[in-house]
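In: structure, please.
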Amino acid sequence: MIEETAELLRAGNKVILVHGNADMDAVGSAFALSVCFPGGDIYAPEGIDRVAGIAAEKLGISVLEECDLGAYDLVVVVDTSSPEQLGPAALSIPAGSVVIDHHMPTGKWEGMHFLCDSSRTSCCEIVKDVIESAGAAIPKSAAMALLGGMLTDSGHFQYANPAMMRAFADLLQDCGIHVDEVFSLTRAQTTASERIAVMKAVGRAKFDLIGDMIVSVSYGGSFEASSCRALMVAGADVAFVGSQRDDEFRISARATQDIVRRGIHLGNIVNGISGETSADGGGHGGAAGISGTGDVEAMLHICMQRTMEEFRAIKRAQQDKVT
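Out: Numbers count the residues shown, from 1 in each chain. The predicted model follows:
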């Protein structure tokens, strides 16, 4: 599949789409593909996040806000677990488009050339493999973008596995890059608005526990991921933080690596919830998200209850081992 994907990407006129509020892994993957397979534009129909925006400015990455997909020979989608994450642009994606992803498959990319490896910490690792299979050289700018995606999606190495660390080290060595350069690329000074949003989320937090396992939920207007991290620093093993905009909600979820090793998989939890509601969700063991139409507080309650069910299953398994 990797070689076939590389061959398809040789098409001269292509557009590379990234999911809504695209992170560094998505933007880094798209940029590396556009550089190493020339003739590609990057399109973010639902925008990019703050860290990706800072890195894009530093690397000179151009991202389109509007685009006619019909004007291209090939459409490519990266780091996107389902079409819904692309907003209305998803309706214009033709059959046979290339999708490169590392999330747990949702079954929503039927009819596409789908390259997915959910064992990878980041999509950038898969893109690196595709580029190398084509025999293309990876210039420093593209390598920096790939490294930035690996760094951020691994939670600054907290969720990294040996395969990601090897890929990261290979790029450092091959392109003569120092680790501090990568950290500098994705470093963003915390703004007053972010600090205020996080403090409000902590103040509104609710929690429950089974044994020594704690799940916490809260809501705010923005900076959901940062608020999740703050709740985990405060003691939560799993944190869900949501926001409401009119009828639409968005929830970010994070879990400690210890609780992931004990059996929690946030991607499976939110994917299960989305399958029973009108929402769209997915992700990894330690980081996931869910969005859709509905009431954010009701959805946060569901997230807490599903996590508590998982906690009970973990506790029963522990008790069975003892007996």
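In: what sits against residue 117?
Out: Residue 117 sits next to 102, 126 when contact means C-beta atoms under 8 Å, 6 or more residues apart in numbering. C-beta coordinates here come from the backbone N, C-alpha and C atoms, glycine included.
In: er, residue 291 actually
Out: Contact analysis of residue 291 by C-beta under 8 Å, 6+ apart lists 85, 248-251, 279-281.
In: in strands, which of the residues you listed fall?
Out: Counted as lying in strands by DSSP state E, out of the contacts of residue 291, are 248-251, 280-281.
In: considering the residues you listed, which possesses the most neighbours?
Out: residue 281 (29 neighbours; other C-beta atoms under 10 Å).
In: what about residue 214, neighbour count?
Out: Residue 214 has 21 neighbours, counted by other C-beta under 10 Å.
In: quick one: mean pLDDT for stretch 313-321?
Out: On average, the pLDDT along stretch 313-321 is 89.
In: and what of stretch 190-203?
Out: 91.
In: returning to what we had before: can you list the ones in strands among the contacts of residue 291 in a markdown table and add distance to residue 95 and pLDDT?
Out: Listed next are the ones in strands among the contacts of residue 291 as a markdown table, based on distance: C-beta to C-beta, whole Å; pLDDT from 0 to 100:
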| residue | distance to residue 95 | pLDDT |
| --- | --- | --- |
| 248 | 28 | 89 |
| 249 | 31 | 92 |
| 250 | 29 | 91 |
| 251 | 31 | 94 |
| 280 | 20 | 83 |
| 281 | 25 | 84 |
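In: now those as JSON lines including distance to residue 166?
Out: Listed next are these as JSON lines, based on distance: C-beta to C-beta, whole Å:
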{"residue": "248", "distance to residue 166": "40"}
{"residue": "249", "distance to residue 166": "38"}
{"residue": "250", "distance to residue 166": "34"}
{"residue": "251", "distance to residue 166": "33"}
{"residue": "280", "distance to residue 166": "33"}
{"residue": "281", "distance to residue 166": "30"}
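In: residue 17 contacts residue 79, correct?
Out: No. In this structure residue 17 lies outside contact range of residue 79 using C-beta atoms under 8 Å: 9.7 Å.
In: just the helices in the stretch 1-150 of the chain please.
Out: For the stretch 1-150 of the chain, helices defined by DSSP state H, counting those that start in this stretch occupy the ranges 2-8, 24-36, 50-59, 123-133, 140-153.
In: on contacts alone, who are the packing partners of the longest one?
Out: Here helix 140-153 is seen to pack against helix 24-36, helix 50-59, helix 123-133, helix 162-175, helix 179-186 when contacts are counted using 3 or more C-beta pairs under 8 Å, 6 or more residues apart in numbering; DSSP states H and E.
In: buried residues in the fourth one?
Out: I take that to be helix 162-175. By 16 or more other C-beta atoms under 10 Å, the buried positions in helix 162-175 come out as 164, 167-168, 171-172, 175.
In: how far out from the middle of the chain is that helix?
Out: 20 Å (C-alpha atoms, centre = their mean, to the nearest Å).
In: can you name the residues in contact with that helix?
Out: When contacts are defined by C-beta under 8 Å, 6+ apart, helix 162-175 is touched by residues 119-122, 125, 128, 138-140, 143-144, 146-147, 150-151, 154, 157, 160, 177-179.
In: now swap in stretch 194-208 and tell me
Out: 214-224, 226-227, 230-231, 234, 236, 241, 304, 308.
In: pull out the buried members of the residues you listed.
Out: 214-220, 222-224, 226-227, 230-231, 236, 241, 304, 308.
In: can you get me a residue count around the residue nearest to residue 3 when sequence neighbours are not counted?
Out: Spatial nearest neighbour of residue 3, excluding adjacent residues (C-beta to C-beta, 6 or more residues apart in numbering): residue 133 at 5.2 Å. Residues contacting residue 133 under the criterion other C-beta under 10 Å number 15.
In: my guess is residue 133 contacts residue 6, does it?
Out: Yes. Counting by C-beta under 8 Å, residue 6 is a contact partner of residue 133 at 4.8 Å.
In: give me the below-cutoff pLDDT ranges for this structure.
Out: 323 (pLDDT under 70).
In: try it again with 80
Out: Residue ranges of the chain with pLDDT under 80: 188-189, 221, 278, 322-323.
In: show me what the longest helix along it is packed against.
Out: Scanning the chain for the helix with the most residues, using DSSP state H, yields helix 296-322. Contact analysis of helix 296-322 by 3+ C-beta pairs under 8 Å, 6+ apart lists strand 206-210, strand 213-220, strand 238-245, strand 248-255, helix 266-276 as its packing neighbours.
In: list the buried residues in it.
Out: Neighbour-count burial for helix 296-322, counted by 16+ other C-beta under 10 Å, picks out 296, 299-300, 302-304, 306-308, 310-311, 314.
In: state the pair within those that is farthest apart.
Out: Taking C-beta to C-beta, the two most distant members of the buried residues of helix 296-322 are 296 and 314; they sit 26.6 Å apart.
In: alright, that wraps it up for me.
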